[in-house]
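Peer 1: no FASTA, just this:
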């Protein structure tokens, strides 16, 4: 079993930055690809970003490309999502999820993720 815990959310003004963390425990997360998803009120959960277990491939939703950066530190069992130039439309609960499969361009397929965290709230408002 792999446990995932998100942290780093909060209230930030438009144009500000936050760094989300997804800490893993329970088993070695090195072999898992990690995806970040978000769900805004009244909307479906959507894919934000993805990083392969070997860090050699990353993907981003068009809406965050150029503003968000995903990275991982396997020594710390943590995956990060650096979010810059935040906009009100980035407001959502952000989740990280782990998949033993290298989903590649299918990274948005939520049913292919094995483990999910509980989420952390990000609110972008003035």
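Peer 2: That came through, no problem. Note that the coordinates shown come from a computational prediction; the quantities given were computed from them, not determined experimentally.

Peer 1: the strands in this structure, which residues?
Peer 2: Remark: strands assigned in the chain by DSSP state E are 3-7, 10-12, 18-25, 33-39, 46-51, 58-60, 68-73, 78-83, 92-99, 115-116, 120-124.

Peer 1: nearest to residue 107, out of those strands?
Peer 2: strand 46-51 (3.7 Å; C-beta to C-beta). (Glycine included, C-beta is placed from N, CA and C.)

Peer 1: okay, buried residues for the closest one please.
Peer 2: Buried positions in strand 46-51, judged by neighbour count with 16 or more other C-beta atoms under 10 Å: 47, 48, 49, 50, 51.

Peer 1: the fourth one against residue 36, yeah?
Peer 2: Yes: Residue 50 is within contact range of residue 36, at 7.4 Å (criterion: C-beta atoms under 8 Å).
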